[in-house]
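Participant: Provided below for reference: sequence and predicted model.
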Amino acid sequence: MLSQDIPVSGPAPHQTTTTERGSFAVARCTCGWRGPARRSRERARTDARSHASTPRLDG
Ligand SMILES: [Zn+2]
């Protein structure tokens, strides 16, 4: 788990990670986003990538 204070100027970078929960993998992001549980770790990574490349409008 990263716990750094990164100066934000402009769009915040999405640092995504994948966490395994039992036989499932869940993608998580430093912005607080969490993807759905996937049976495949690759699926979770795909969710993370698609999230990181999608700008959030709220916030
Ligand atoms: Zn994010």
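Facilitator: Nice, thanks for sending it over.

Participant: hey, let's count contacts and neighbours off CA atoms from now on
Facilitator: Will do.

Participant: off-centre distance for stretch 19-31?
Facilitator: Relative to its parent chain, stretch 19-31 has a centroid offset of 8 Å by Cα atoms, centre = their mean, to the nearest Å.

Participant: so which bits of that stretch are buried?
Facilitator: Within stretch 19-31, the residues that count as buried by 16 or more other Cα atoms under 10 Å are 25, 26, 27, 28, 29.

Participant: looking at those residues, which is nearest residue 45?
Facilitator: Using Cα to Cα, residue 27 is the member of the buried residues of stretch 19-31 that lies nearest residue 45, at 6.3 Å.

Participant: who does the helix or strand encompassing that closest one touch, helix- and strand-wise?
Facilitator: Per DSSP states H and E, residue 27 falls inside strand 24-29. Strand 24-29 sits against strand 16-21, helix 41-52, with contacts defined as 3 or more Cα pairs under 8 Å, 6 or more residues apart in numbering; DSSP states H and E.
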